[in-house]
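Student: Sharing a model prediction with you, sequence too.
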Amino acid sequence: MNIYIIITNTIYTESLEIYCRDKDRLIVSDTLDEYLLVDAVLGSTIKLQCHFCQELSNKEARLWYVQDRFKDFAEVEVQFDMNNNASYDRVHLTSDSDLVFMSFEKEDAGIYRCHGQLGEDVENKFNYRLEPIFERNQTRDKIHYGNLTDYEEYRQINLVPVAHRFAVSLMKPLAKIREAGIILEVITEWSPWTPCARCAENRGIKTSLAQCRLRSRISPAKPILKNGDFEFFFTRSPLLPCRSVLLNFLFPAVSAVVRNLPEFLLEQPCDNCKKKKKARKDKFKYKKTLTLMEGEHFSIGCPDADVDSVVIWRKDGLIMKPGIKTVYSLFENENEHHAHVDPFLTLYLVQVTQNEKGNYTCYIDGQKILQLRIYIRSNEAFFTSAFLRHMKYLGYVLLIAFFGYCAGVFILWRNRHKYPKYTFEKFMEERGKKKDQEEQEFLWMEEAVGD
């Protein structure tokens with residue numbers, strides 16, 4: 001069995017996979033070099049660059065064209081939504097002419113080419129084939145580790161038996177493919193080396209992932225069974241991921257053989273390992289904690305985002321997909337989701353309930369930017385606690401006033417002999433004196449009038 005080693009160029013960041021073409025790539029054949037095969041997991045965020053790896057965009061206008069994977073139809077220009085901010089579309093173009101897919105879907109599968117309207121940069125082959133794949137089972141599909149010697153052992157155990165099975169199997173589906181003159185092979189496709197890690201005394205370890213690929217080619221011998229469908233499919237799809245959804249749908253017998261093949265992670269020592277300050281995995285650029293009352297409203301945008309940014313919101317680790325409704329429509333229906341990301345990627349919490357409590361995070365181009373912890377307080381609990389708190393304050397005031405009143409009464413009682421006594425007899429005496437004075441004044445007035 002022939003093992004072909006192909007180098008792919010992929011940059012993995014959290015929630016974002018960036019693909020580019022290497023200017024000095026190894027060309028195995030013109031057929032395999034026509035495009036870069038992209039393993040596209042449903043729901044992932046993918047960026048296709050319209051320039052070589054490690055190079056900057058020349059800022060010249062470029063267009064993206066898409067064609068079906070079997071090339072039945074001519075390529076057409078990729079259509080985008082016409083929102084005010086292009087980065088808010090699920091499929092949009094950046095200022096560097098990079099094509100971004102937010103939440104990849106099956107309908108996005110195809111061959112994408114980036115070049116000028118008059119054919120500029122066609123020779124650079126900024127071409128990508130997006131092929132939907134099944135996500136790797138983290139528990140069942142374990143990755144093998146080791147050096148080149150371990151890889152050879154891995155190849156003999158896992159890949160060589162597959163080639164032998166394709167060559168001699170009597171299973172009807174596999175035999176038909178072989179009789180139609182189709183030769184199936186397993187190809188190892190290596191990812192770029194990672195930076196040096198696990199540093200110790202200026203030495204570390206770098207890794208490269210060997211991905212499973214199914215390669216098909218036409219046998220030079222005359223086929224026993226003429227089957228145009230087989231020849232058409234494998235000619236138009238000379239290289240496929242082993243976990244390809246399309247392969248599983250059209251040729252389940254072939255997919256069953258290669259779909260669960262394990263991957264191998266090659267490890268090699270590297271020099272000039274630079275120690276980096278260990279960063280916390282949960283370190284965000286901004287952190288906030290808010291406490292909202294039930295029924296309150298709150299909105300926030302992801303800081304540092306611009307028109308070219310790929311913004312992703314998560315709640316408790318789950319991606320929040322942008323909706324097509326505006327925030328004003330959320331007030332009209334109480335059954336709507338109270339946590340909502342609008343088409344402009346602004347997070348809205350409308351008429352919050354206890355369900356909106358959680359950890360909200362936003363990412364820009366895979367970088368951790370904002371961590372927002374939201375706590376919800378019940379209105380009933382708030383008013384009950386406030387009432388009890390104010391009643392406690394009132395009790396303190398009344399208690400102090402009561403002690404002050406009792407102290408005043410006690411002091412007056414102790415000093416009662418110091419104050420003049422006012423009896424009833426004294427009252428009557430003062431009343432008689434007042435009456436005599438009034439009579440004298442009356443007589444004086446009469447005498448004055450008589451004179």
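Tutor: In hand now; what should we look at?

Student: Then Thr149 would be within a helix, right?
Tutor: Yes: assigned with DSSP: H, G, I helix; E, B strand; the rest coil, Thr149 falls within a helix.

Student: Tell me the first helix or strand C-terminal of the top strand by length along the chain.
Tutor: If you go by DSSP state E, the chain has its longest strand at strand 203-218. Downstream of strand 203-218, the next assigned helix or strand under DSSP states H and E is helix 228-236.

Student: That following helix vs strand 203-218, what angle?
Tutor: On the basis of axes from the mean of the first three to the mean of the last three Cα atoms, to 10 degrees, helix 228-236 is oriented at 150 degrees to strand 203-218.

Student: Would you confirm that Glu179 contacts Pro223?
Tutor: Yes: the pair Glu179 / Pro223 is scored as a contact, 6.5 Å apart, by Cβ atoms under 8 Å. Heads up, the C-betas are built off the backbone N, CA and C, glycines and all.

Student: The residue nearest the centre of the chain and Leu370, how far apart?
Tutor: Nearest to the geometric centre of the chain sits Ile312, at 4.2 Å (Cα atoms, centre = their mean). Ile312 sits at a distance of 11 Å from Leu370 (criterion: Cβ to Cβ, to the nearest Å).

Student: hmm, back to that, within the sheet, what are the partner strands of the longest strand of the chain, with directions?
Tutor: As defined by DSSP bridges, the strand partners of strand 203-218 come to strand 182-190 (antiparallel), strand 197-200 (antiparallel), strand 239-241 (antiparallel), strand 264-271 (antiparallel).

Student: helix or strand for Val409, which one?
Tutor: Using DSSP H and E, Val409 falls in helix 379-414.

Student: mean confidence score for that helix?
Tutor: Across helix 379-414, the average pLDDT comes to 82.

Student: Stretch 176-185 too?
Tutor: On average, the pLDDT along stretch 176-185 is 89.

Student: With stretch 34-47 instead?
Tutor: Stretch 34-47 comes out with an average pLDDT of 90.

Student: May I see the buried residues of it?
Tutor: Neighbour counts over stretch 34-47 (16 or more other Cβ atoms under 10 Å) mark Tyr35, Leu36, Leu37, Val38, Asp39, Ala40, Ser44, Thr45, Ile46, Lys47 as buried.

Student: Check the residues you listed against Ala339 and report the nearest one.
Tutor: Using Cβ to Cβ, Thr45 comes nearest to Ala339 of the buried residues of stretch 34-47, at 20.3 Å.

Student: and the closest one, what is it in contact with?
Tutor: Ser15, Leu16, Glu17, Val100, Phe101, Met102, Ser103, Phe104, Val310, Ile312 (Cβ atoms under 8 Å, 6 or more residues apart in numbering).

Student: residues near the nearest residue to the second one once chain neighbours are set aside, how many?
Tutor: This means Leu16. Excluding its sequence neighbours, the residue lying closest to Leu16 (Cβ to Cβ, 6 or more residues apart in numbering) is Gly366, at 3.7 Å. Neighbour count of Gly366, defined by other Cβ atoms under 10 Å: 17.

Student: Surely Gly366 is in contact with Ser44?
Tutor: No: using Cβ under 8 Å, Gly366 makes no contact with Ser44, being 11.3 Å away.

Student: follow-up on the earlier one: please identify the deepest-packed of the strands paired with strand 203-218.
Tutor: strand 239-241 (a mean of 24; mean count of other Cβ atoms under 10 Å).

Student: number of nearby residues for Arg213?
Tutor: By other Cβ under 10 Å, the residues close to Arg213 number 22.

Student: per-residue confidence for it?
Tutor: Looking at Arg213, its pLDDT reads 90.

Student: From Cys20, how far off is the nearest residue in space to it that is not next to it in sequence?
Tutor: Counting by Cβ to Cβ, 6+ apart, Arg213 lies nearest to Ile187, which is 4.0 Å off, once chain neighbours are set aside. Separation of Ile187 from Cys20 (Cβ to Cβ) stands at 21 Å.

Student: Equivalent analysis for Asp308, please.
Tutor: With Cβ to Cβ as the criterion, Asp308 and Cys20 are 16 Å apart.

Student: Look at these two and report which has more neighbours.
Tutor: Cys20 (22 against 17).

Student: so that one touches Ser57, yeah?
Tutor: No: using Cβ under 8 Å, Cys20 is not in contact with Ser57, being 10.8 Å away.

Student: anything in contact with each of the two?
Tutor: By Cβ under 8 Å, 6+ apart, Cys20 and Ser57 have these common neighbours: Gln49, His51.

Student: one step back: which members of the contacts of Thr45 are positioned in strands?
Tutor: Per DSSP E, the contacts of Thr45 map to strands at Leu16, Glu17, Val100, Phe101, Ile312.

Student: For those, which single residue is the most surrounded?
Tutor: Ile312 (25 neighbours).

Student: Which of the buried residues of stretch 34-47 fall in strands?
Tutor: Judged by DSSP E, these include Leu36, Leu37, Val38, Asp39, Ala40, Ile46, Lys47 as members of strands.

Student: What distance do you get for the last one to Ser309?
Tutor: Yep, that's Lys47 we're talking about. 11 Å.

Student: cool, and the first one?
Tutor: In this structure, Leu36 and Ser309 are 24 Å apart, going by Cβ to Cβ.

Student: now the third one
Tutor: Counting by Cβ to Cβ, the separation of Val38 from Ser309 is 22 Å.

Student: Where does the closest residue to Lys357 other than its chain neighbours sit, in terms of helix or strand?
Tutor: Spatial nearest neighbour of Lys357, chain neighbours left out: Ile376 (4.7 Å); criterion: Cβ to Cβ, 6+ apart. Using DSSP H and E, Ile376 sits in strand 367-377.

Student: give the contact list for Leu48.
Tutor: Tyr19, Val38, Trp64, Asp98, Leu99, Val100, Tyr112, Cys114, Phe126, Tyr128.

Student: again, but for Glu77
Tutor: Glu77 neighbours (Cβ under 8 Å, 6+ apart): Leu63, Trp64, Tyr65, Val66.

Student: May I see the ChimeraX selection of the buried members of those?
Tutor: In ChimeraX, this line selects whichever of the contacts of Glu77 come out buried by 16+ other Cβ under 10 Å:
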select :64,65,66
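
Student: and of the contacts of Glu77, the nearest to Cys406?
Tutor: For those, the nearest to Cys406 is Trp64 (88.7 Å; Cβ to Cβ).

Student: Tell me the secondary structure at that closest one.
Tutor: On the basis of three-state DSSP, Trp64 is classed as strand.

Student: Now for the closest residue to it other than its chain neighbours, how many residues are close by?
Tutor: Leaving aside its chain neighbours, Trp64 sits nearest to Val78 (4.3 Å; criterion: Cβ to Cβ, 6+ apart). Other residues near Val78 come to 18 when the count uses other Cβ under 10 Å.

Student: about what we covered before: quick check: the residue nearest to Arg213 vs Val162, distance?
Tutor: Counting by Cβ to Cβ - Ile187 and Val162 are separated by 11 Å.
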